[in-house]
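**Student:** below are the sequence and a predicted model for it; my questions follow.
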Amino acid sequence: MQTIRVDTPSANYDVIAGSGLVETLGVRIERVAGKLPRRVFVLTSGPIWALWGHSLLQSFAEAPEVLFLEPGEKHKTMASVERLLRQMAQAGGDRGSLLIAFGGGIVGDVGGFVAAIYMRGIRYVQVPTTFLAQVDSSVGGKTGVNLPEGKNLVGSFHHPWWCLPILEFWGRCRTAS
């Protein structure tokens with residue numbers, strides 16, 4: 001396992017890369033936060049959840065609320081964002097909630113944007129599952145969605161509270177997002 005500190009003028013956070021991190025994600029978050037927030041959300045896609053969902057759930061004493069985003073660039077939209085925000089509100093999300101973006105670049109971009117605008121900003125953890133997401137969308141705080149007029153036209157910079165590129169994903173999830 002390796003920890004890389006990211007220090008920017010607007011945010012400081014750790015990127016922790018290694019193996020076996022999914023199975024300990026909940027415990028690690030609890031250790032860093034002191035205790036888990038009352039409401040934890042996981043945003044993911046069906047293919048990623050099918051591969052890794054059980055392992056992630058096992059790392060939490062109380063199961064987080066799982067939100068799904070259909071895979072594919074065509075779902076990186078304001079309509080998807082509104083649906084996710086409404087699901088979080090209906091599930092009792094508040095300012096202390098935590099969102100875990102567990103997927104590829106699309107999940108990371110949408111998840112970061114949702115975290116940036118829900119309740120004017122909540123903490124989120126990036127768990128990128130594709131190589132591109134691990135080197136691009138998960139680090140740096142770029143979040144956003146597309147409009148019919150173009151890619152990434154709506155967004156914000158909202159740095160993750162924590163980023164965990166997990167090395168097992170490199171071989172097993174190359175095409176899932």
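**Tutor:** Ah, there it is.

**Student:** contacts and neighbour counts: CA atoms only from here.
**Tutor:** Will do.

**Student:** which ones are touching the residue nearest to the spatial centre of the chain?
**Tutor:** When the chain is reduced to its mean C-alpha position, the nearest residue by Cα atoms, centre = their mean turns out to be A101, at 1.3 Å. By Cα atoms under 8 Å, 6 or more residues apart in numbering, the contact set of A101 is V42, L43, T44, V107, G108, G111, G112, Y124, V125, Q126, V127, P128.

**Student:** before we move on, what about V27?
**Tutor:** By Cα under 8 Å, 6+ apart, the contact list for V27 reads S59, F60.

**Student:** from V110, how far off is it?
**Tutor:** The gap separating V27 from V110 is 25 Å, by Cα to Cα, to the nearest Å.

**Student:** then I29?
**Tutor:** In this structure, I29 and V110 are 21 Å apart, going by Cα to Cα.

**Student:** so which of these two has more stuff around it?
**Tutor:** Ranked by neighbour count (other Cα atoms under 10 Å), I29 and V110 place V110 first, with 27 against 18.

**Student:** distance from the host helix or strand of the more buried one to the middle of the chain?
**Tutor:** Assigned by DSSP states H and E, V110 belongs to helix 105-117. Mean C-alpha position of helix 105-117 versus that of the full chain (Cα atoms, centre = their mean, to the nearest Å) differs by 7 Å.

**Student:** burial check on F60, number of neighbours?
**Tutor:** 19.

**Student:** and if you look at S45?
**Tutor:** Around S45 there are 24 other residues, counting by other Cα under 10 Å.

**Student:** same question, E149
**Tutor:** By other Cα under 10 Å, 7 other residues sit near E149.

**Student:** try R5
**Tutor:** For R5, the count of nearby residues is 12 (other Cα under 10 Å).

**Student:** state the distance from the residue nearest to it when sequence neighbours are not counted to Q87.
**Tutor:** Of all residues not flanking R5 in the chain, D14 sits nearest, at 4.6 Å (Cα to Cα, 6 or more residues apart in numbering). The gap separating D14 from Q87 is 29 Å, by Cα to Cα.

**Student:** now do S59
**Tutor:** Here the criterion is Cα to Cα. By it, S59 lies 23 Å from Q87.

**Student:** before we move on, what about M119?
**Tutor:** From M119 to Q87 the distance is 13 Å (Cα to Cα).
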